[in-house]
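Q: My questions concern the predicted model and sequence given below.
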Amino acid sequence: MAHQDTEKKLVTFRVKRYNPEGGERTRFSQEYKVEVMKGQSVLDCLNEIRWKQDGSLTFRRSCKSGICGSCAMTINGVNRLACETQALALGSSTITVEPLKGFAVIKDLAVDIDPMVEKLLAVKPYLITKTPPPSDAERLQSPEERARLDGLYECILCGACTSSCPSFWADEQYLGPHAFLKAYRFIADSRDEAPGEHFDALDDKHGLWRCHTIFNCVEACPKSLNPTKAIEALRRELVKEKIG
Amino acid sequence: MRALQRYRIHLGTAAWILHRLSGLGLILYLLLHIWVIHHLAKGQAEFDGIMHSFNNPLFKFLEVGLVGVILYHLWNGLRVTLFDFGLFIEKQKQVFGAAVVLWLATWAVVAYAMLTRVGGLLAAVVRAGGGGLS
């Protein structure tokens, strides 16, 4: 049986490429064949292509552990982290790899995530306090208060959710699920003393109301978080604040 | 909208696309409905005339389709409303399944009533249930 585990399978990677330097081929698909072992991730395969077949293939990666969020890309039509996606588990002999949709491509699979970061900053993604901290301790939370942040704080800002969202495809100024999830992470925090400041950017025509509960963000999140749940909670908070 | 993105159609996406299409259908129907009703202002003959032109099998068939469109929009709309109240968000696929079952069941009942003519159906119910009444 050990023989089966080391068996390799030939898989074709069809990579959507973009060469900003132009020339004859600016936007094109390129196919690479890789002998894939069980357990090998798509990122492993891309590394192998880059190291052994084509050094010009460009993509972001860093931790290879599903925590830095660099290698989010569209694999077989769904946004995922390349490092957390086992190539053979996809069950296809041809795997398509594309850059995250909705963002400007810099080169090949590397996209410009600056707009995503700007929208994140718009919701003030940090604890806002008005009173000085206790002189001898941290700002304390009860276990229950801390538990409210579960499912919110784990976001690694990979962009898989926002790039999968049809509302974002239709409106590039739409804040996006990543910003909403992060906003709620602080609004739900018992230590935050100015939730209104996080809300400022949310109640906007490019804000909360443009979510159509399509759930692509939930499907895409590599951390199994639920931005839709956060968006709905934020909407209820906002309605309560406006009409009591 | 930027060029349609090639991305997998998940269940939630399909539910949303159908919701949008059924909403568009309802708007088109409403426009047609208002146009038909406005013939009332032109007198009885005009109104009877336009109503007569809709009295054919094709429009009967379209009416049954319209009910299907309305009922999809209704049940999926209730599904989305549940989410707005924070209910069953993590079970959205199962809720969609329930909405589809309710949609098809209610559509079947109403379509049956329409196609057999409601009067005839009710008469049948009365005959079956309370035989001595008629």
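A: Cool, the structure landed.
Q: what residues does stretch A:119-129 touch?
A: Taking Cβ atoms under 8 Å, 6 or more residues apart in numbering or on different chains as the criterion, the residues outside stretch A:119-129 that touch it are A:139, A:157, A:175-176, A:178-180, A:182-183, A:185-186, A:189, A:191-194, A:197-198, A:200-202. Yep, even glycine has a C-beta here, placed from its N, CA and C like the rest.
Q: What's the local residue count around residue 99?
A: Here I'm looking at chain A. Other residues within reach of residue A:99, judged by other Cβ atoms under 10 Å in any protein chain shown, total 26.
Q: Chain B was what I was after
A: Around residue B:99 there are 21 other residues, counting by other Cβ under 10 Å.
Q: Test my guess that it contacts residue B:79.
A: Yes. Between residue B:99 and residue B:79 a contact is recorded at 4.6 Å, counting by Cβ atoms under 8 Å.
Q: Common neighbours of the two, please.
A: residue B:15.
Q: Any stretches of chain A with poor pLDDT?
A: By pLDDT under 70, the weakly predicted segments of chain A are A:1-5.
Q: how about residue A:145, what does it touch?
A: Taking Cβ under 8 Å, 6+ apart as the criterion, residue A:145 is in contact with A:189, A:190.
Q: Go again with 10 Å.
A: If a contact means Cβ atoms under 10 Å, 6 or more residues apart in numbering or on different chains, then residue A:145 has A:188, A:189, A:190, A:191 as its contacts.
Q: Filter the contacts of stretch A:119-129 down to the buried ones and hand me the PyMOL line.
A: Restricted to buried positions by 16 or more other Cβ atoms under 10 Å in any protein chain shown, the PyMOL selection for the contacts of stretch A:119-129 reads:
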select buried, chain A and resi 157+175+176+178+179+180+182+183+185+186+189+192+198+201+202
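Q: so which strand or helix has the one residue in chain B that gets nearest to chain A?
A: For chain B, the residue closest to chain A is residue B:12, as judged by Cβ to the nearest Cβ, at 3.3 Å. Element membership of residue B:12, judged by DSSP states H and E, is helix B:11-37.
Q: still on that earlier bit, contacting chain B as well, which ones from the contacts of stretch A:119-129?
A: The overlap between the contacts of stretch A:119-129 and the neighbours of chain B (Cβ under 10 Å from any Cβ of the partner chain) is empty.
Q: Spell out whether the helix or strand harbouring residue B:61 and chain A are in contact.
A: When secondary structure is defined using DSSP H and E, the element that contains residue B:61 is helix B:57-84. Yes. Looking at helix B:57-84 against chain A by Cβ under 10 Å from any Cβ, the contacts come from B:79, B:80, B:81, B:82, B:83, B:84.
Q: who's in contact with the fifth one?
A: Contacts were defined as Cβ under 10 Å, 6+ apart; by that measure residue B:83 touches A:211, A:213, A:215, A:228, A:229, A:231, A:232, A:235, B:89, B:91, B:92, B:95.
Q: Around the last one, how many other residues sit close by?
A: Spelled out, that is residue B:95. Taking other Cβ under 10 Å as the criterion, the count of residues near residue B:95 is 21.
Q: Could you do the first one as well?
A: Neighbours of residue A:211 under the rule other Cβ under 10 Å: 24.
Q: Quick one: residues contacting it.
A: A:165, A:167-168, A:174-177, A:180, A:217, A:227-228, A:231-232, A:234-235, B:83.
Q: try the fourth one
A: The neighbours of residue A:228, taking Cβ under 10 Å, 6+ apart as the test, are A:161, A:177, A:180-181, A:211-218, B:12, B:83, B:89-90, B:92.
Q: run the last query once more with 8 Å
A: With Cβ under 8 Å, 6+ apart, residue A:228 has these contacts: A:177, A:211, A:213, A:215, A:217, A:218, B:83, B:89, B:92.
Q: Over to it. Which of the three states is it?
A: helix (DSSP: H, G, I helix; E, B strand; the rest coil).
Q: cool, and the second one?
A: Under the three-state scheme (three-state DSSP), residue A:213 adopts coil.
Q: Any figure for the gap between it and residue A:226?
A: Plainly put, residue A:213 is 11 Å away from residue A:226 if you go by Cβ to Cβ, to the nearest Å.
Q: okay, and the common contacts of the two?
A: By Cβ under 8 Å, 6+ apart, no residue touches both residue A:213 and residue A:226.
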